[in-house]
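Novice: Curious how this folds, go ahead:
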Amino acid sequence: MEHYNRIFDSKVTSMKRIWGELNKIGKLCNRKKSVAIPKLLSNGIELTNNLEISEEFNDYFCSIADKIITEIPSNIDDTATCQIQC
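Specialist: Next up, the predicted model:
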């Protein structure tokens, strides 16, 4: 599980790699076979109910943009500066 925690930590992993790993785990590109996630650890709580796991993934992916925005320095005044600093 620690392996996946490191992979999905957005502070150290690019979004491209995260999606690559999700595709490997869930075969998202090949929908012929579905893979169930038997449990998910979220905030120290182990989720085993499929609906709860789905909602946790939805919450994560719906809130990640807001979290990333808060990490952008607020003193950036234009797009050109952002491209250099980001």
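
Novice: Below-threshold pLDDT in this protein: ranges please.
Specialist: Scanning the chain for pLDDT under 70 picks out the ranges 1, 3-13, 26-34, 76-86.

Novice: and the longest helix for it?
Specialist: Longest helix in the chain, counting residues (DSSP state H): helix 50-71.

Novice: which residues of the protein fall in strands?
Specialist: Here the chain has its strands, by DSSP state E, at 40-42, 45-47.

Novice: Among those strands, show me which one is buried the most.
Specialist: strand 40-42 (a mean of 15; mean count of other Cβ atoms under 10 Å). Every C-beta, even on glycine, is put in place using the N, C-alpha and C of the backbone.

Novice: And the contacts of that strand?
Specialist: Here strand 40-42 makes contact (Cβ atoms under 8 Å, 6 or more residues apart in numbering) with 1, 46, 47, 53, 56, 57.

Novice: Neighbouring strands - and their directions - for that strand?
Specialist: Strand 40-42 sits in its sheet next to strand 45-47 (antiparallel), going by DSSP bridges.

Novice: Now do the strand it pairs with: everything it contacts.
Specialist: Strand 45-47 has contacts (Cβ under 8 Å, 6+ apart) with 39, 40, 41, 53, 56.

Novice: Quick one: those residues as JSON lines, columns for distance to residue 70 too.
Specialist: Below are the contacts of strand 45-47 laid out as JSON lines (distance: Cβ to Cβ, whole Å):
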{"residue": "39", "distance to residue 70": "29"}
{"residue": "40", "distance to residue 70": "24"}
{"residue": "41", "distance to residue 70": "24"}
{"residue": "53", "distance to residue 70": "26"}
{"residue": "56", "distance to residue 70": "20"}
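
Novice: Angles on the backbone of residue 49, please.
Specialist: phi -80, psi 130 (degrees, to the nearest 10).

Novice: any idea how far it is from residue 58?
Specialist: Note on residue 49: its distance to residue 58, by Cβ to Cβ, to the nearest Å, is 14 Å.

Novice: Could you do residue 45 as well?
Specialist: 16 Å.

Novice: Equivalent analysis for residue 38, please.
Specialist: With the distance defined as Cβ to Cβ, residue 38 ends up 18 Å from residue 58.
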